[in-house]
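> Following is a predicted model, sequence given first.
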Amino acid sequence: MNILFYSAELAPYHIACLAALAKGGTCKISVAQAKIKPPHGYDESAHKKYGINVYQGPELSWKWGCKQIEQGSFDLVFAHGYYEPDVRKIISAAKRAKVPLVMKIDNTAYDKKRFWLSDKLKSIYINHYADYVMVPGERGTEYIQSLGFPRARIWRGLFGIDVNFYASEAEKYRLAAAEVRKKLNLPENYFLHCGWINSIKNVSNLVKGYEKYRKQVENPWGLIMLGKGNLESRIKEMNVGGVELRGFVQLNDLPAYYGTASWFCIVSNSDPWPLALLEAVASGLPSIVSWKCGNSVELIREGWNGLLCNPSDPESITDCMVIAHNDKIMRATALAQNIYLASCYSAKAWAQKVDYYLSKINN
């Protein structure tokens, strides 16, 4: 089976998953990316690490893709990011050519305020164009099903990462923690946030909650924030002691932070299935997580390997931080057991799931 994967974004996790499918799967894959603005800040390290070739021909990627679809080069098309015009062109080409389409959608009922009319239009679009929909987990399944799409044609397991990379690299840095902290100028204990510094990630409430936490404990931990976004200046203006903005960190540098952090924090107002949480879990970190994060369902067992907070209430975030500060049991449990939760969402597991769903089509 020849498959086209066309995406508005090719992050390191996409590359790792596609490489696993190409290596161990039963199909031949082609990969192309829409031209989007603004581009994400990923470097080429993931492409080099996993050896995936992305279309770089003379034509615009969508023109090349549409032409190949119309010529019958593909038996199946995966399309991710249907809000992008280039992706919609690929979707339309697959419909015209009667090539089965898998629409990859990560939305849930909680990731943003929902309106009846927009959901109705989305329902019409998805049901008209998609033969199958691939979603991250249970919340995504429930949402797509609520739009009238048959559950039998909803595939779970949209996301995967190189779990072994994060687990092994984080452990390597954990074993050399004193040296790493000195080199990177890190505190002995710290909360780690990794993601966009914007309102969706709820960073203002995170810092507010952290500020109150500092007043309730002795020897408060630091808060290291990785990423970029339009609220960086706002966080700096808040001038809360212990908070450090470290900017965007590339794939190969992330495990040093995952390996030396004490707890991970992601308190998003809306977040369908944040990959940073999966990375943290794979790295053995206990986590403070907004209940609105879609993968809190799959990855967090409250009181066992993490804590759930109400993202709209800084006091809830504070309470979780105080509990984390005084905890030893969840930290030990997460370090020993998180790998079992994360391994279900490894790149290899993703490829295995895709192969399974493809076998159902063929039968």
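Ah, there it is.
> Please make it C-alpha for all contacts and neighbour counts, starting now.
OK.
> From what I see, E244 and E232 are in contact.
No. Judged on C-alpha atoms under 8 Å, E244 makes no contact with E232 at a distance of 10.5 Å.
> Show me the domain layout of the chain.
2-161+346-362, 163-344 (automatic domain parsing).
> Just the endpoints, please. Distance across the last one?
Just to be clear, that refers to domain 163-344. In domain 163-344, first residue to last residue: 9 Å (C-alpha to C-alpha, to the nearest Å).
> With stretch 195-203 instead?
First-to-last residue span, stretch 195-203, C-alpha to C-alpha: 9 Å.
> buried residues in it?
Under the neighbour-count criterion of 16 or more other C-alpha atoms under 10 Å, stretch 195-203 has 195-198, 201-203 buried.
> Which parts of the stretch 1-150 of the chain are helices?
All helices of the stretch 1-150 of the chain, identified by DSSP state H, counting those that start in this stretch, fall at 12-24, 45-50, 61-70, 85-96, 116-129, 138-146.
> Quick check: pLDDT value at P39.
For P39, the model assigns a pLDDT of 53.
> The buried residues of stretch 195-203 in strands, which ones?
Counting by DSSP state E, no part of the buried residues of stretch 195-203 is found in strands.
> just checking, which of those residues belong to helices?
V203 (DSSP state H).
> In the buried residues of stretch 195-203, find the pair that's most separated.
Spatial extent of the buried residues of stretch 195-203 (C-alpha to C-alpha) is set by the pair G195 and N202 at 10.4 Å.
> Spit out the residues that contact the two alike.
Among the neighbours of G195, none is also in contact with N202 (C-alpha atoms under 8 Å, 6 or more residues apart in numbering).
> still on that earlier bit, please identify the deepest-packed of the domains of the chain.
domain 163-344 (a mean of 20; mean count of other C-alpha atoms under 10 Å).
> Next, please give the residue ranges for the strands of the stretch 201-350 of the chain.
222-226, 243-247, 263-266, 287-290, 306-309 (DSSP state E, counting those that start in this stretch).
> Can I get those in a markdown table including mean pLDDT?
Shown next, in a markdown table, are these (pLDDT from 0 to 100):
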| stretch | mean pLDDT |
| --- | --- |
| strand 222-226 | 98 |
| strand 243-247 | 97 |
| strand 263-266 | 98 |
| strand 287-290 | 98 |
| strand 306-309 | 98 |
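> low-confidence ranges in the stretch 1-150 of the chain?
For the stretch 1-150 of the chain, the stretches with pLDDT under 70 are 25, 36-49.
> and if we set it to 80?
Low-confidence segments of the stretch 1-150 of the chain (pLDDT under 80): 24-26, 35-51, 111-113.
> Show me where the stretch 201-350 of the chain has its helices.
Using DSSP H, counting those that start in this stretch, helices in the stretch 201-350 of the chain cover 203-214, 232-238, 254-260, 275-282, 296-299, 314-326, 329-342, 347-362.
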